[in-house]
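> pasted the sequence and its predicted model underneath.
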Amino acid sequence: MTVAVDHTFIPDLLLVRPGRFEDARGFFVEVYRKDHYEALGLPSQFVQLNHSGSARNAVRGLHFQWEPPMGKLMRVLRGNAFLVAVDLRKNSPTFGKWYGRETNQDENLLIWAPAGFARGFAVLSEQAEIEYLTTGTYNSAAESGIRWNDPAIGVEWPISAPILSSKDETAQTLDQWCRRPESDLPVFRM
């Protein structure tokens, strides 16, 4: 099995493509293998695995955490979804820029967004399941979100009537986040 990595226009935001083996029985994908990830310069120490199921038009995000710093390796397990990452690193040349990609369970695509990024997704099929490995354990006291439709970021979501949690409906804008003292933490600097 091999793993390929594609770079995006945002530094450190990567597309990870594990090899897929198919035969008459079905398929096999080696999603994560520490030695292969290390050889490619990808993170190799994950501490939490999350699995989310959502209905069509659900939008989750844009979420991030600073203590402990949390990178996420996201993939679609079932269905079709639009995965998004936004660069929140103040010294980055792509600060406030976003990358989004529609993917599905057959593509075997993972998106790696290190600490200092907000992430989210929109469900495009009747149901979708998203899984993500994280480099930090969840800490509700040091997590936040950016409004999914903040015009300063301008994510071009492929849905028009999202289903949102109350937390995501009232999330702050990028400008409001930048005025908070936490936004100057080292994890949000390059």
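Cool, got the structure. Numbering: from 1, shown residues only.

> does T2 really touch G19, like I thought?
Yes: using CB atoms under 8 Å, T2 is in contact with G19, at 4.5 Å. Where C-beta positions appear, they are placed from N, C-alpha and C, glycine not excepted.

> and the two? Which one has more around it.
Higher neighbour count among T2 and G19: G19, with 13 against 8, using other CB atoms under 10 Å.

> what helix or strand does F82 sit in?
Using DSSP states H and E, F82 maps to strand 80-87.

> over to W157?
Per DSSP H and E, W157 falls between elements, in no helix or strand.

> what about it, distance to L164?
Counting by CB to CB, to the nearest Å, the gap from W157 to L164 is 11 Å.

> likewise for S125?
18 Å.

> quick check: mean pLDDT of stretch 40-55?
Regarding stretch 40-55, the rounded mean pLDDT is 94.

> likewise for stretch 103-123?
Stretch 103-123 comes out at a mean pLDDT of 96.

> so where's the protein uncertain?
Regions of the chain meeting the criterion pLDDT under 70 cover residues 1.

> so H36 touches V3, yeah?
Yes: under the criterion of CB under 8 Å, H36 makes contact with V3 at 5.0 Å.

> joint contacts of these two?
Common neighbours of H36 and V3, counting by CB atoms under 8 Å, 6 or more residues apart in numbering, are E30.
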